[in-house]
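> return atomic coordinates for the entry below.
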Amino acid sequence: STQGFMKQVARLSGLKGGSLVAFCERWVHGRGVPHFALAHSITRINRLDLALKQGGSPAAWRSARLAAAAKLAPGGNMDDSNTEIKISVHESDNTVSEVKIRVDTNEAAYYVEHELTANPAAKGKRGQGKKAKAAAAAAAAAAAEAGVKEEPGAAAGGAAADGDPAKVAPVQYLRLDPGGEWLCRVTMVQPEAVWVAQLEKSKDVVAQSQAVAGLGALAASFERRSEGVVG
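Numbering: from 1, shown residues only. So this is what the prediction gives:
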């Protein structure tokens with residue numbers, strides 16, 4: 001029964017009061033899952049701009065809001081760890097850093113600047129901050145609605161910011177929710193080189209399978225765009 005299931009959840013997780021009610025509203029009585037789309041750009045040699053788009057069906061938003069309201073009830077837990085989604089950044093010097101973005105039911109788009117530790121030998125062009133932010137946000141918004149369709153104009157994954165393939169970019173690849181802590185849909189808006197880097201350099205089979213799927217989506221998109229073109 002549902003009641004028996006919730007007792008098991010409480011026993012195994014330690015959730016109680018408003019926190020348990022919130023879990024039940026979101027994942028037992030609620031429907032749908034959130035959809036997160038991530039785009040990125042490198043506007044300085046040591047700065048990564050991240051644009052995260054949160055989407056989902058009306059039913060998913062409704063259950064998320066009911067869960068958020070339940071957390072405000074007596075016994076509720078508003079710990080940030082319950083509403084954070086993580087991004088792992090794999091840099092060119094093999095450093096792996098983590099970015100945490102707190103998401104809620106009142107915002108659909110988030111923009112974060114992350115300082116990198118890698119120091120490639122070649123420097124790229126400085127981007128226009130506002131333009132880079134708008135482009136990344138637009139790419140993430142498009143991804144949330146239509147999936148991976150276009151490659152962003154951001155420099156990443158094996159090419160420097162000025163487009164010279166002989167120069168090393170500070171970031172190899174990124175992963176959104178790498179630990180699979182969220183029950184959600186994930187879309188990564190990024191060029192082929194980033195997927196290739198993830199496939200070749202990651203030893204995680206899940207990351208490798210995601211890279212294969214990403215490359216397949218890009219290939220399918222290219223084929224659709226090529227239909228009707230006479231050589």
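> report the secondary structure state of A39.
Classification of A39 using DSSP: H, G, I helix; E, B strand; the rest coil returns strand.
> same check on I101?
Secondary structure state of I101, per three-state DSSP, is strand.
> enumerate every residue touching it.
50, 52, 84-87, 110, 112 (C-beta atoms under 8 Å, 6 or more residues apart in numbering). Any C-beta I mention is one placed from the backbone N, CA and C, and that applies to glycine too.
> relative to V112, how far out is it?
From I101 over to V112 the distance is 6 Å, taken as C-beta to C-beta, to the nearest Å.
> would you mind measuring from the residue lying closest to E107 once chain neighbours are set aside to L174?
Excluding the flanking residues, the one nearest E107 by C-beta to C-beta, 6 or more residues apart in numbering is Q54, at 7.2 Å. Using C-beta to C-beta, Q54 is found at 17 Å from L174.
> can you check Q198 too?
From Q198 to L174 the distance is 8 Å (C-beta to C-beta).
> also K16?
36 Å.
> coming back round to it: does the residue nearest to E107 sit in a helix, a strand or a coil?
Under three-state DSSP, Q54 comes out as strand.
> so what's it bridging to?
Listed beta-bridge partners, Q54: F36 (assigned using DSSP bridges).
> how about the helix or strand containing Q208: buried residues?
For Q208, the host element (DSSP states H and E) is helix 205-226. For helix 205-226, the neighbour count (16 or more other C-beta atoms under 10 Å) marks 207, 210-211, 214, 217-218 as buried.
> ok, stretch 49-65 next?
Neighbour-count burial for stretch 49-65 [16+ other C-beta under 10 Å]: 49-56, 60-65.
> and that stretch, average pLDDT?
The average pLDDT for stretch 49-65 rounds to 91.
> now do the end-to-end distance for that stretch.
28 Å (C-alpha to C-alpha, to the nearest Å).
> for this protein, give me the ranges with low pLDDT.
Within the chain, the ranges that satisfy pLDDT under 70 run 73-82, 118-168, 226-231.
> which of the buried residues of helix 205-226 sit farthest apart?
A207 and L218 (16.5 Å; C-beta to C-beta).
> circling back to that earlier point, for the helix holding Q208, which helices and strands make contact with it?
Judged by 3 or more C-beta pairs under 8 Å, 6 or more residues apart in numbering; DSSP states H and E, the packing partners of helix 205-226 are strand 171-176, helix 192-201.
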